[in-house]
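Visitor: predicted model, plus sequence, below.
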Amino acid sequence: MSSFLASLLGSPAVTAALLIGSMVAVTSGAVGVFVVLRAQSFAGHALGDIGSTGAAAAYLVGLAPLYGFISVGVIGGLAIEGLGNRARERDIATGIVLSLMLGVGALLLYILTQRSNATGGPVSILFGSIFTVDPRTALPVALFSLAALLLMLLLYRPLVYATLNPQAAQARGVPVTLLGALFMVALAIAVEESALVAGALLSTALLIGPAAAAVRWARSVGQAMVLAAALSWLTVIAGIALAYQSYVWPPGHRGWPVSFFIVMLVLAEYLLSRLGRRPRVIARKEAT
Amino acid sequence: MRNPAADIPSDAVLQLDDVGVTLGGRTVLEGLSFSLRPGEFVGVIGPNGAGKTTLLKVVLGLVRPDGGRVLIAQQDPRAARRLVGYVPQSFTPDPDLPLRARDLVALGLDGTRWGFSLGGAQRRAKIEEALRWVDAGHYADHPVGRLSGGELQRLLVAQALIAEPRIMLLDEPLANLDLRSQDEVVSLVGRVAHERGVTVLLVTHDMNPILGVMDRILYLAQGQAALGTVDDVVRGDVLSRLYGHHVDVVRVHGRILVIGTPDAESLTCTTCDA
Amino acid sequence: MQVFGSLFPTGLFTQPFMQNAWIAGSAVAVVSALVGFFVVLRGASFAAHAIPRASFAGAAGAVLAGGDTLLGLAVFAALSALGMAALPQRRDQGQATALVLMASLGLGALFLSLGQSYAPEVYALLFGQIVGISRADVMAILGLLLLALLASALLYRPLLWSSVAPDVAAAKGVPRRRMDTLFLLLVALAATAAVPVVGALLSFSLMVGPAAAASYVGRSPGQAIAVAILVSLLSVWFSLIFAYDTGLPVGFFVAAVTAVFYALARLWAWLVAIEETQRGAA
């Protein structure tokens, strides 16, 4: 076991993956709790794909993909928030914005492949690989994670109120619309940095899975956030370790993808969390 | 309340014999026995958690009683679905829903059948008649999402009536309505019972709006029930026996107030299914 | 006819691969609009996006196993539909959708990494090879679309009722969960046919955009469906013309044109609302 750990931590690619993955996991888990409580899973997923288009655009003009991810993500998130007020309208708005962004992404990827004749780059934007992430992104990712978490801390009390009891909050003068928009910004940051590092697939998995499990078992929103962050972090660590170990597995000894392990772990967590018939205790009474 | 088997009237539209329902370990209904006649307007009153909604679900065949028997026109509830009309507790359509008032009523006519309807004069006539009867003719072509609460309720009654049921169940139809709309709905439902001969079971937590219209009252508390006229049932001794402790009935300015219901029943019950 | 033909670039209607594209594209447009009516009605845009995206993993798996990609698409589309139906949520159906999507994509990532690298085929299924469809493919796709059309027609009334007033429909014998499952399977069927034509990522554009535009314009289900089909066909036709002319991917044009129609519809509805309030104030 110790030799496994030693070799695991000895590889710089893996250490970078662990470090950056941990930051991303913690942020995703914490923000994800509100995504689950606000029933915004579609938006949370869509932002990952939307950001990918931004990254492709940044790639095209020679900017670092991270900034493309974040800026287009924030814009897309605000568009979704602004276009839809009621549940059905918001669902449609998310679909249209996502569809448009994916279409533009298709165009950009086409242009990219025409230019460089390499399909590796574009595909990796879509799928991402935590092992090939540039270690220099560690600092920007850390800063963005901190920004997202600080924003969540700032928004915490009013957002809990606005989420669990929107009519009462509105009556009391809480700026529900503004809070929604600010939360979207935090969400966009969390999702985009996650998508940059691990691909749009994993950003959704880490955002929703641990949070959905945590919300079922925690007694308060704060507790759920801590639980989700911890669960998300453990999942990433375990996923990376398993992927590293899989290099000695058949076939081909090329290793199984990290995304596969993380997704399966997240799925297992979610299904296990639904086993007990314990009803959700996070209720309106917390919103006072 | 027990009816000896020999006393069951043969024209009973709805009949319960010793029906009991347990949900999630809690006894929601117990030993319920009564029968209702055609064209009767019965108000189902009781505090939250008393089992009113569960009773509706039993009549609809959505919940199987653990004990006892339910007969609708001598049939099992699931077989008699066509004979039962239902107006749900809440129906809040999206403002942009592409569905007109007449489309909603049309669904009540053939929404359970596969395929799509080919139209026809007879079908259109039925829909027009249903709309006219509930006084919804003037907004027949309006999108349902733009209707007021009262207009929507009348529409839901039309949707239920168009299938020519023998019983109509209404779950808290007066909640969220202003007083004038409440009066309109109450008089409409009264006509459903007394003009169309449809037995009406109207669930509400406040009996006062329907005092003048209902024929009998079914008072539910602690899973037990008392059925009879308001004068017979809404009395201190009867209700105290139901609740299991002392309650008072006060009549003030034509309104009836029941005082002394235990605190536990005024909290919203999140795990029970009433 | 000569004049008409000279308006368009040569070969738009005569090239055999373009003829296949016109036929397949139009059929996909009609069925997507019809299924899309229900998608938009039920607020199920996420499922409409997730099912085709998830089916892509099935195609990857099929290539790995040496089987038919269309079959792989169909199997994974159906499995994800059933998975989503098996995890009903009270507040946010998106949770179940997200998890099933993730599981499929995770498997897809595994299949891709286990097999040889075949990026061009991957790319093709992701973005659609409307111009790469053979006559045989067209027949298979048309068959699936006919099935989807028949299924939609059969399900129409109970599905409409269950979507609009689920409590009442359930009380009258239209079980909600069964309708939810059948609806998702219908989406899976339509998606399986649409993916080879428009791609896994963008097949949902035709399901959401036209129907969304129609819901702002149409007042009844019949009107909404008719408008959706019209918008959908126009979107596909414009996209084919633009794609043929510029050589840029057709998926981009489909997404852009449907978004424009949606924006126009919302603008229309907004103007009508303003006019109504002005008339009311007068």
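Guide: Right, received. Where do you want to start? Numbering: from 1, shown residues only, chains lettered A, B, ... in the order given.
Visitor: tell me the secondary structure of B:Ser35, please.
Guide: Following DSSP: H, G, I helix; E, B strand; the rest coil, we place B:Ser35 in the strand state.
Visitor: just give the nearest non-adjacent residue to it, would you?
Guide: Counting by C-beta to C-beta, 6 or more residues apart in numbering or on different chains, B:Ala12 is the residue found nearest to B:Ser35 once chain neighbours are left out, at 3.9 Å. In this view, the C-beta of every residue, glycine as well, is placed from N, C-alpha and C.
Visitor: show me where the stretch 151-282 of chain C has helices.
Guide: C:166-171, C:176-198, C:203-217, C:221-246, C:250-281 (DSSP state H, counting those that start in this stretch).
Visitor: OK, contacts around the closest residue to chain A within chain B?
Guide: Residue nearest to chain A within chain B: B:Asp94 (4.9 Å; C-beta to the nearest C-beta). For B:Asp94, the contact set (C-beta atoms under 8 Å, 6 or more residues apart in numbering or on different chains) comprises A:86, A:88-89, B:145.
Visitor: what does B:Val252 give?
Guide: Under the criterion of C-beta under 8 Å, 6+ apart, B:Val252 has no contact partners.
Visitor: residues of the stretch 1-150 of chain A that sit close to chain C?
Guide: Counting by C-beta under 8 Å from any C-beta of the partner chain, the positions of the stretch 1-150 of chain A adjacent to chain C are A:36, A:39-42, A:44-46, A:87-88, A:91-92, A:94-96, A:98-100, A:102-104, A:106-107, A:109-110, A:113, A:119-120, A:122-123, A:126-127.
Visitor: how about 7 Å then?
Guide: Residues of the stretch 1-150 of chain A lying close to chain C (C-beta under 7 Å from any C-beta of the partner chain) are A:36, A:39, A:41-42, A:45, A:87-88, A:91-92, A:94-96, A:98-100, A:102-104, A:106-107, A:110, A:119, A:123, A:127.
Visitor: out of those residues, which are inside helices?
Guide: The helices, defined by DSSP state H, take in A:36, A:41-42, A:45, A:87-88, A:91-92, A:94-96, A:98-100, A:102-104, A:106-107, A:110, A:123, A:127 from these.
Visitor: for B:Phe41, phi and psi?
Guide: phi -110, psi 110 (degrees, to the nearest 10).
Visitor: not counting sequence-adjacent ones, nearest residue to it?
Guide: Per C-beta to C-beta, 6+ apart, closest to B:Phe41 is B:Ala193, 4.0 Å.
Visitor: in chain B, which helix is the longest?
Guide: From DSSP H, the single longest helix across chain B is helix B:179-194.
Visitor: can you pull the buried residues of that helix?
Guide: B:181-182, B:184-186, B:188-193 (16 or more other C-beta atoms under 10 Å in any protein chain shown).
Visitor: CA-only coordinates of that helix in PDB, if you can.
Guide: Taking Å, rounded to 0.1, in the frame of the first residue of the first chain, the C-alpha atoms of helix B:179-194 are listed here in PDB:
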ATOM      1  CA  LEU B 179     -65.100  35.400  -1.500                       C
ATOM      2  CA  ARG B 180     -67.100  36.200  -4.700                       C
ATOM      3  CA  SER B 181     -65.500  33.300  -6.600                       C
ATOM      4  CA  GLN B 182     -66.100  31.000  -3.700                       C
ATOM      5  CA  ASP B 183     -69.800  31.800  -3.800                       C
ATOM      6  CA  GLU B 184     -69.900  31.200  -7.500                       C
ATOM      7  CA  VAL B 185     -68.200  27.800  -7.200                       C
ATOM      8  CA  VAL B 186     -70.400  26.800  -4.300                       C
ATOM      9  CA  SER B 187     -73.600  27.600  -6.100                       C
ATOM     10  CA  LEU B 188     -72.300  25.800  -9.200                       C
ATOM     11  CA  VAL B 189     -71.400  22.700  -7.300                       C
ATOM     12  CA  GLY B 190     -74.800  22.900  -5.600                       C
ATOM     13  CA  ARG B 191     -76.400  22.800  -9.100                       C
ATOM     14  CA  VAL B 192     -74.300  19.900 -10.000                       C
ATOM     15  CA  ALA B 193     -75.800  17.900  -7.200                       C
ATOM     16  CA  HIS B 194     -79.400  19.200  -7.200                       C
END
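Visitor: how many other residues sit next to A:Ala87?
Guide: As a burial measure, A:Ala87 scores 12 neighbours (other C-beta atoms under 10 Å in any protein chain shown).
Visitor: just to revisit the earlier point, deepest in the core, which of the helices of the stretch 151-282 of chain C is it.
Guide: Among these, helix C:203-217 has the highest mean neighbour count (mean count of other C-beta atoms under 10 Å in any protein chain shown), at a mean of 30.
Visitor: check whether C:Val35 really touches C:Leu189, as I assumed.
Guide: No - taking C-beta atoms under 7 Å as the definition, C:Val35 is not a contact partner of C:Leu189, at 8.2 Å.
Visitor: overlap of the contact sets of the two?
Guide: C:Ala148 (C-beta atoms under 7 Å, 6 or more residues apart in numbering or on different chains).
Visitor: residues from the stretch 51-200 of chain C in reach of chain A?
Guide: The stretch 51-200 of chain C comes close to chain A at residues C:91-92, C:94-95, C:97-99, C:102-103, C:105-106, C:109-110, C:113-114, C:119, C:123, C:127, as judged by C-beta under 7 Å from any C-beta.
Visitor: next structured bit after the longest helix of chain B?
Guide: Going down the chain from helix B:179-194, the next helix or strand is strand B:199-204, by DSSP states H and E.
Visitor: and that following strand, which strands flank it?
Guide: Here strand B:199-204 is paired, per DSSP bridges, with strand B:41-45 (parallel), strand B:167-171 (parallel).
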